[in-house]
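Trainee: Below: sequence and its predicted model.
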Amino acid sequence: MAPLVLGIETSCDETGIGLVRDGELLADGVASSVDEHARFGGIIPEIASRAHLEAMVPTLDRALTTAGVDLADVDVVAVTAGPGLVGPLTVGTAAAKALALALDRPLYGVNHIIAHAVVDTLVHGPFDDRVMALVVSGGHASLLLVDATVHVTELGSTLDDAPGEAFDKVGRLLGLPYPGGPHIDRLAREGTPDAIAFPRGLTAAKDQAKHAANFSFSGLKTAVARWVEARQDAGEPVPLADVAASFSAAVADVLTAKALAACARHEVGTLVVGGGFSANSQLRDLAQVRCSAAGVRLRIPPVRLCTDNGAMIAALGAALVDRGVPPSPPDFGVDSTLPLTQVVV
Ligand code: KG4
Ligand code: ZN
């Protein structure tokens, strides 16, 4: 029987426990401390660390019950080693090391960002060839080439804000609750996407040589702020839905244009989109339209597997076991800036 892999995720504010066997997701328990951070308008690492500590055992117990297995049935433990917040990562890896030691099982410290792409294999099957992965979240935007053995080449990343971060900042500007991303998504559906011409960062011809696969969203965020301020200074009402729709359209345009250009450049026929921001409906819709037009297969996991979860860590752990990668040394440390090319520590 294929090994039962336990995945533990604690890189940000979600305590995620996933159980995977033979490409099948048996349980996916998540506890979030997002509400505890709302009044600060951003994640407070100390609060998140404490919440992980409190949620770890109950979330693990819930996942085991859902899967109908005992802790002793777990064959392999996988945990996020980075990138992420040091305190939260430390709580997760400490729990994973304790479990692996107590159960005498191999332990894999894995890369959170790569896991955001690999989780799609639980839904749409193994990557049978090279895929282009667009991983977009509150902390990241990266274009990666991932081959069938989970070898990763980083093509580009954001030079400043991540898309989720830009959404959360624009959300604050528009007076929406934290995190603003989902609120802007909802508002945008009532607005006109081409009402306001916001800039598309790093898409000019002069940027193509160096930044074809890099992103920049801070100029866009500033442009939205200036536009809103100008309306307020003029004593005119701010058309929130049109601002949200035009801003969302700019982000989705840049992400999908660059991802499909990278597919064409590297002759890749499949685009995988993952990470918390891939919940965004403007991105999903435009990616579908443009992939269909370009003859590229689009793979996006369902929203609950796009946000941080333990299933993605278990999926990546299982992929590493599958290809015979040796486990991590028991004394590995967390790495808040773990390079994207390092799939396992
Ligand atoms: O991957 P994730 O759960 O956590 C990180 O690793 O960052 O992503 C959360 C981010 C937040 O910035 C949130 O506002 C954004 O993803 N987000 C959205 C949507 N759902 C979540 N942004 C835009 N539209 C959405 N529907
Ligand atoms: Zn994430």
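Mentor: Alright, I've got the coordinates. Ligands and ions are numbered 1, 2, ... in the order given.
Trainee: Mind listing the residues bridging to residue 157?
Mentor: residue 142 (DSSP bridges).
Trainee: From residue 146, how far out is it?
Mentor: Residue 157 sits 15 Å away from residue 146, going by CB to CB, to the nearest Å. All C-beta spots, glycine's among them, are computed from the backbone N, C-alpha and C.
Trainee: of those two, who's got more company?
Mentor: More neighbours surround residue 146 than the other of residue 157 and residue 146, with 22 against 17 (other CB atoms under 10 Å).
Trainee: so that one touches residue 126, yeah?
Mentor: No: using CB atoms under 8 Å, residue 146 makes no contact with residue 126, being 11.5 Å away.
Trainee: Return the residues of this structure in contact with ligand 1.
Mentor: Within the chain, the positions adjacent to ligand 1 are 12, 137-139, 164-165, 167-168, 179, 181-182, 185, 275-277, 279-280, 307-308 by CB under 6 Å from any ligand atom.
Trainee: Output the lowest mean pLDDT helix or strand found in the protein.
Mentor: helix 34-37 (a mean of 86; mean pLDDT, DSSP states H and E).
Trainee: Quick one: name whatever helix or strand follows that helix.
Mentor: Later in the chain than helix 34-37, the nearest helix or strand by DSSP states H and E is helix 45-67.
Trainee: For that next one, what is the distance to the chain centroid?
Mentor: 20 Å (CA atoms, centre = their mean, to the nearest Å).
Trainee: Number of residues surrounding the residue of the stretch 101-250 of the chain found nearest ligand 2?
Mentor: Here the stretch 101-250 of the chain gets closest to ligand 2 at one residue, residue 137, 4.3 Å apart by CB to the ion. Residue 137 has 25 neighbouring residues, counting by other CB under 10 Å.
Trainee: try residue 107
Mentor: Using other CB under 10 Å, residue 107 has 24 other residues around it.
Trainee: Over to it: give its phi and psi.
Mentor: phi -130, psi 130 (degrees, to the nearest 10).
Trainee: What residues does it make contact with?
Mentor: Residues near residue 107 by CB atoms under 8 Å, 6 or more residues apart in numbering: 76-79, 96-97, 100, 327-328, 330.
Trainee: And the closest residue to residue 308 other than its chain neighbours, how far from ligand 2?
Mentor: Counting by CB to CB, 6 or more residues apart in numbering, residue 308 lies nearest to residue 14, which is 4.1 Å off, once chain neighbours are set aside. Using CB to the ion, to the nearest Å, we find residue 14 at a distance of 8 Å from ligand 2.
Trainee: now that we're looking at residue 14, which residues does it contact?
Mentor: By CB under 8 Å, 6+ apart, the neighbours of residue 14 are 30-34, 307-309.
Trainee: can you check residue 45 too?
Mentor: So residue 45 contacts 85-88 (CB under 8 Å, 6+ apart).
Trainee: Now list the buried members of those.
Mentor: Among the contacts of residue 45, the ones that count as buried by 16 or more other CB atoms under 10 Å are 85, 87-88.
Trainee: Which of these sits closest to ligand 1?
Mentor: residue 85 (9.8 Å; CB to the nearest ligand atom).
Trainee: Fine, thanks again, bye for now.
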